[in-house]
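> here is a sequence together with a model predicted from it:
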Amino acid sequence: MKINSQYSVKITEDGSPTLVLSTGVDHLFVEEKMHSRFGAASETEYIYGPAIDWAFEKIEAPRFIVVGLGLGYIEFLISRQGRLRNSIYEIHSFESDPFLRDSILAWLHEDPNDLDPVFCSALTSIAGRELDLQVKEDLRSMHEKGKWRISGAISPEAVGTPANGILYDLFSHKITPELWNDQFISSLLQKAAAKECSFASYASKGAIKRSLKTCGFTLVDKKGFAGKRESTLAFRTVF
Ligand SMILES: C[S@@+](CC[C@H](N)C(=O)[O-])C[C@H]1O[C@@H](n2cnc3c(N)ncnc32)[C@H](O)[C@@H]1O
C-alpha cells in the first residue's frame with residue numbers, strides 16, 4: 001500500500017508491517033526496506049532484544065540511544081521490557097526524516113495521520129494486545145516528560161548524555177555510506193557510549209566491529225536474522 005511518493009507499506013512474513021523507501025542513489029532508482037522480509041517484529045526482537053535486556057539487567061535506570069526511529073519497533077520493545085521489569089529508563093531516538101518523526105508523535109497524541117494503522121500494527125506485533133495500549137501510554141507520557149526525546153539526524157555532538165544501550169538501525173551502507181565508516185562510528189561511540197554499554201546492529205560491517213573493539217567493547221558471535229551470516233552484538237563492562 002502506498003503512503004506517499006517516498007514510502008509504501010509491506011507486510012513481512014511474521015505479519016508485522018515494514019516501510020519501503022523509494023529513492024534515488026547515483027541516478028539509479030532504489031527500493032530499501034526498513035526490515036527483513038522474514039519479519040519486522042521478529043527481526044527487532046532477535047537483533048536488539050539481547051542488548052536491551054543486558055542494559056536493564058546491569059543498570060538500575062538505563063538510557064538508550066536508538067539510531068533510526070523508523071516505525072518505532074525498537075522503542076516499543078524497550079518500553080515493553082521496561083514495563084515487564086517495572087523499571088525506569090530513558091530513550092533518545094534519532095530520525096532524519098521529519099515525516100516519520102511527526103507521524104509517530106501525531107499517532108501518540110491521537111492526531112489522525114496516514115501511518116496510524118501501521119504504527120498500531122507494529123506496536124501490537126511487539127507488545128501483544130495485553131500490553132499495546134499501556135506501552136503506547138508509557139511512551140506518550142515519557143515523551144511529555146522529556147524522558148523520550150526524538151531528535152533529527154544522528155551526529156556525535158547531538159547525543160547528549162551517554163547511553164547504556166545503543167541500537168544502531170540505519171538504512172544500509174548503499175543509502176547512507178557516511179554513517180558506516182570507522183571515523184563516524186568511533187566518534188559516535190566516544191560520545192554516545194556510557195562506561196557500561198551494549199551495542200547492537202543488524203549490520204556486521206568491519207567499521208562497526210573495529211570501532212567497538214577500539215572503544216573497549218567485547219564482541220559476541222551472533223548470526224544475522226533469518227539466515228544472514230552475521231549481525232553485531234557487543235558489551236562494555238566496567239570491573
Ligand atoms: C532501518 S530504518 C529503522 C527502522 C526502525 N528502527 C524501526 O523500528 O522501524 C532506518 C531509519 O533511519 C533513518 N535515518 C536515515 N539517515 C539517518 C540519520 N542520518 N540520522 C538518523 N536517522 C536516519 C531513516 O529515515 C529510517 O527511518
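Perfect, thanks for sending it.

> who in the protein is up against the ligand?
For the chain, the contact set with the ligand under Cβ under 6 Å from any ligand atom comprises 34, 44, 67-68, 70-74, 94-97, 100, 153-154, 169-171, 176, 179. Every C-beta, even on glycine, is put in place using the N, C-alpha and C of the backbone.

> now, of those, which are buried?
Using 16 or more other Cβ atoms under 10 Å as the burial test, the residues of the chain next to the ligand include 34, 44, 67-68, 70-74, 94-97, 100, 154, 169-171, 176, 179 as buried.

> which of the residues you listed fall within strands?
Cross-referencing these against strands under DSSP state E gives V67, F94.

> so of the buried ones among the residues of the chain next to the ligand, which ones are in helices?
Under the assignment DSSP state H, those contribute T44, Y73, I74, L100 to helices.

> roughly how far does the first one sit from I88?
With distances defined as Cβ to Cβ, to the nearest Å, the gap from T44 to I88 amounts to 22 Å.

> again, but for the second one
For Y73, the distance to I88 (Cβ to Cβ) stands at 21 Å.

> before we move on, what about the third one?
Taking Cβ to Cβ as the measure, I74 falls 18 Å from I88.

> tell me which residue in this protein sits closest to the ligand.
G70 (2.6 Å; Cβ to the nearest ligand atom).

> got a list of what the closest residue to that residue other than its chain neighbours touches?
Nearest non-adjacent residue to G70, counting by Cβ to Cβ, 6 or more residues apart in numbering: M34, 4.9 Å away. Counting by Cβ atoms under 8 Å, 6 or more residues apart in numbering, M34 touches T18, L19, V20, L21, A40, G70, L71, F171.

> ok, now with 6 Å
Residues counted as contacts of M34 (Cβ atoms under 6 Å, 6 or more residues apart in numbering) are T18, L19, G70.

> so which bits of stretch 126-144 are buried?
For stretch 126-144, by 16+ other Cβ under 10 Å, it's I126, A127, L131, D132, V135, K136, D138, L139, R140, M142, H143.

> okay, strands next: where are they in this protein?
Using DSSP E, strands in the chain cover 7-11, 17-25, 28-33, 63-67, 90-94, 148-151, 163-168, 193-201, 218-220, 232-236.

> these: which one's closest to I185?
Checking the strands of the chain against I185 by Cβ to Cβ gives strand 163-168 as the closest, at 8.1 Å.

> let me know the average pLDDT across the closest one.
Average pLDDT, strand 163-168: 98.

> dump the contacts of M34 into a markdown table; add pLDDT and distance to C197 as well.
Output for the contacts of M34, formatted as a markdown table (pLDDT from 0 to 100; distance: Cβ to Cβ, whole Å):
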| residue | pLDDT | distance to C197 |
| --- | --- | --- |
| T18 | 97 | 28 |
| L19 | 97 | 29 |
| G70 | 98 | 22 |
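
> ok, the residues you listed vs S5, which is closest?
L19 (13.1 Å).

> tell me the bridge partners for that closest one.
With DSSP bridges as the criterion, L19 is bridged to V9.

> what lines up beside the lowest-mean-pLDDT helix or strand in the chain in the sheet?
Least confident element among the helices and strands of the chain, by mean pLDDT, DSSP states H and E: strand 28-33 (a mean of 82). Using DSSP bridges, the strands paired with strand 28-33 in its sheet are strand 17-25 (antiparallel).

> and the partner strand, how far from the chain's centre?
17 Å (Cα atoms, centre = their mean, to the nearest Å).

> not counting it itself, show me its contacts.
Contacts for strand 17-25 (Cβ under 6 Å, 6+ apart): 7-12, 30-35, 40, 118, 121-122.

> no further questions, thank you.
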